[in-house]
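**Student:** Show me how the following folds:
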Amino acid sequence: MKSGRCWLAVVCFASAFKCLLVPSYHSTDFEVHRNWLALTHKLPLSKWYYEDTSEWTLDYPPLFAWFEWLLSHFAAAVDPKIVEVKHLNYESWQCILFQRLSVIGSDLVLAYAIKEYFSSMLQSGKGSSGREKLVTLSVLLLFNTGLLLVDHIHFQYNGMLFGILLLSIAKLKQGSVLCGAFWFAVLLNFKHIYLYVAPAYFVYLLRSYCFEKTGPSNWFPHLSNFLPRNLVKLGAVVVAVFGISFGPFIILGQLDQVLIRLFPFKRGLSHAYWAPNFWALYNFADKLAIRVGSYFGLSLTNVSGQALLTGGLVGDIGHSVLPTVTPFSTIVLTLLSVLPALFKVWCRPTDFNGFLRCIVLCAFGSFLCGWHVHEKAILLVLVPLSLLAVCHSSDAAVFVVLSTTGHVSLFPLLFLQAESLLKIILTLLYLMFSYYAWRSICCGTKEMKDELKLRVYQLPSIYLGGLVIIQFYCIVVHPLAPFADGLPFFPLMLTSVYCALGVVAAWFQCYVTMLKD
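**Tutor:** Numbers count the residues shown, from 1 in each chain. Predicted coordinates:
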């Protein structure tokens, strides 16, 4: 089919482009994954979650550890020194080439999942614009600026993981419930950050698969409609995956150690620099209160050291004026933020778009209110939102603004001047393509095109203009300012706080869209 050839062309072009990024800067995450290759290859299973020769200890679930173990056998053939535990910060050209190509190769999972999702759209009768939608979705996921920055420059394997998520969604859309549940369980055992969207899966699968479908808006199904056999089958699939993943460590009596590595609550509320979420605004408000108090002669002392909130460090922090946030309070706020979306899915179990919106809003709520959220977690919102944006102009308008904001919030990850122009160009190209592609696909009439144009060019255009000004200051002005050495992390704070405003506004707009639907 023509659409299939177009998809293959996009996949090949994306892979070739990613090869051009092989020589670019890489972060400490490169050494993190090299170390995991080494310890899974050289050490027995019983020592995987205890090894601490490197500060970059294994803190992903067991299936990802086994993935590293599999890669390590190829790495050892390429360069045996890659898999030496004591060779810290080892970076031969063979090592760099192997690890970079392993990420590019693993992205083929995402490419395959895009094809599967498109097939599910055709089955549901929503792939009428065929080739154009497939090409658009392929470009927007395979050339996603965030994934390019985080995976192919900074260095991680998020493309593969999002491929598993998309494959799970595609199977559910095709009606293969147990297969979809299987792939999501596998995903959780690859990277536990996808627990962010687990509530959406739990409610949707329980309501749509374990109860008879008696109507689109039956709030409280009768117990006679409950299907215990389906619940047992669903539970068996999930338990089997988790049993295979964690079973060996349970037998070894190491489950506690694994869980401590996976959930390090001692790392503090905010990551090394503030992710653009509610806590960035909260931290900023606390810092602002300190300054205002100082101006009026009030002594407000931070018990943990005032500079910690903007010091670029990972650790537990205390607020000076506002109440200090605890892990439990972030869990409560996260649950409250996603309850309306979960309730909507429970009431309308046959609405698959509602399920997708619930995934987006669960990711949103966890990103905005969660504990120790990484800035990269904004991708958990952007990837499923792109699936909605291909078909709905209201979601497309939100995506155009949110993707730009989210990608700009990732700029501080690439702090070298050599990558400044590249990250700006990639973001601008992605913005232009996404706007014009969705203006063509989602808006069939002139009136609908004008509506999308209005949504993007009114208040959002002013906000995006502010992003340009702030990035110009951070990249060009601040390094030349006389106070730059005294305030090295000020650009990080400025970027996080301003992007947080855009993210919160997008979250609100997504909720409005869900309630209107």
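**Student:** and stretch 430-441, how far out from the chain's middle?
**Tutor:** 22 Å (Cα atoms, centre = their mean, to the nearest Å).
**Student:** Put the alpha carbons of that stretch into PDB.
**Tutor:** Extracted in PDB, the C-alpha atoms of stretch 430-441 (Å, rounded to 0.1, in the frame of the first residue of the first chain):
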ATOM      1  CA  TYR A 430       8.400  20.600  14.900                       C
ATOM      2  CA  LEU A 431       6.200  23.500  15.800                       C
ATOM      3  CA  MET A 432       5.700  24.500  12.200                       C
ATOM      4  CA  PHE A 433       5.100  21.000  10.900                       C
ATOM      5  CA  SER A 434       2.600  20.100  13.700                       C
ATOM      6  CA  TYR A 435       0.600  23.300  13.200                       C
ATOM      7  CA  TYR A 436       0.300  23.100   9.400                       C
ATOM      8  CA  ALA A 437      -0.200  19.300   9.400                       C
ATOM      9  CA  TRP A 438      -3.100  19.300  11.900                       C
ATOM     10  CA  ARG A 439      -4.500  22.400  10.300                       C
ATOM     11  CA  SER A 440      -4.800  20.300   7.100                       C
ATOM     12  CA  ILE A 441      -5.900  17.000   8.600                       C
END
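**Student:** what mean pLDDT does it have?
**Tutor:** Stretch 430-441 carries an average pLDDT of 82.
**Student:** Then stretch 14-22?
**Tutor:** pLDDT averaged over stretch 14-22 gives 96.
**Student:** which of the residues in it are buried?
**Tutor:** Going by neighbour count (16 or more other Cβ atoms under 10 Å), the buried part of stretch 14-22 is 14-15, 18, 21-22. For glycine as for every other residue, the C-beta is placed from the backbone atoms N, C-alpha and C.
**Student:** go on, stretch 368-387?
**Tutor:** Going by neighbour count (16+ other Cβ under 10 Å), the buried part of stretch 368-387 is 368-387.
**Student:** what's the answer for stretch 463-472, then?
**Tutor:** Buried residues in stretch 463-472, counted by 16+ other Cβ under 10 Å: 463-464, 467, 470-471.
**Student:** go on, stretch 243-256?
**Tutor:** The neighbour-count check on stretch 243-256 (16+ other Cβ under 10 Å) flags 245-246, 249, 254 as buried.
**Student:** Verify the contact between residue 25 and residue 153 for me.
**Tutor:** Yes - using Cβ atoms under 8 Å, residue 25 makes contact with residue 153 at a distance of 6.1 Å.
**Student:** The two - which one has more neighbours?
**Tutor:** Between residue 25 and residue 153, residue 153 has the larger neighbour count (other Cβ atoms under 10 Å), namely 23 against 16.
**Student:** Next, count neighbours for residue 462.
**Tutor:** So residue 462, with other Cβ under 10 Å, has 9 neighbours.
**Student:** Check the secondary structure at it for me.
**Tutor:** helix (DSSP: H, G, I helix; E, B strand; the rest coil).
**Student:** how close does the closest residue to residue 43 other than its chain neighbours get to residue 39?
**Tutor:** Spatial nearest neighbour of residue 43, excluding adjacent residues (Cβ to Cβ, 6 or more residues apart in numbering): residue 51 at 5.9 Å. If you measure residue 51 against residue 39 using Cβ to Cβ, to the nearest Å, the figure is 5 Å.
**Student:** circling back: of the buried residues of stretch 243-256, which belong to helices?
**Tutor:** Among these, DSSP state H puts 245-246, 249 in helices.
**Student:** Make TSV out of those residues and add pLDDT and distance to residue 84.
**Tutor:** As requested, those are exported to TSV (pLDDT from 0 to 100; distance: Cβ to Cβ, whole Å):
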residue	pLDDT	distance to residue 84
245	97	27
246	97	28
249	96	25
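**Student:** Pick the one among those residues closest to residue 74.
**Tutor:** Comparing those against residue 74 with Cβ to Cβ places residue 245 closest, at 22.1 Å.
**Student:** For the closest one, which residues are in contact?
**Tutor:** Counting by Cβ atoms under 8 Å, 6 or more residues apart in numbering, residue 245 touches 61-63, 189.
**Student:** In the residues you listed, which residue is surrounded by the most others?
**Tutor:** The most neighbours, when the contacts of residue 245 are compared by other Cβ under 10 Å, belong to residue 62, which has 23 neighbours.
**Student:** Does it touch residue 189 like I think?
**Tutor:** Yes - with contact defined as Cβ under 8 Å, residue 62 and residue 189 form a contacting pair (6.3 Å).
**Student:** who touches both of these two?
**Tutor:** By the contact definition Cβ under 8 Å, 6+ apart, residue 62 and residue 189 are jointly contacted by 245-246.
**Student:** need the longest helix for this structure.
**Tutor:** helix 490-516.
**Student:** picking up where we left off before, give me the common contacts of residue 25 and residue 153.
**Tutor:** Joint contacts of residue 25 and residue 153 (Cβ under 8 Å, 6+ apart) are 414, 419.
**Student:** For residue 89, which three-state class applies?
**Tutor:** Per three-state DSSP, the local secondary structure of residue 89 is coil.
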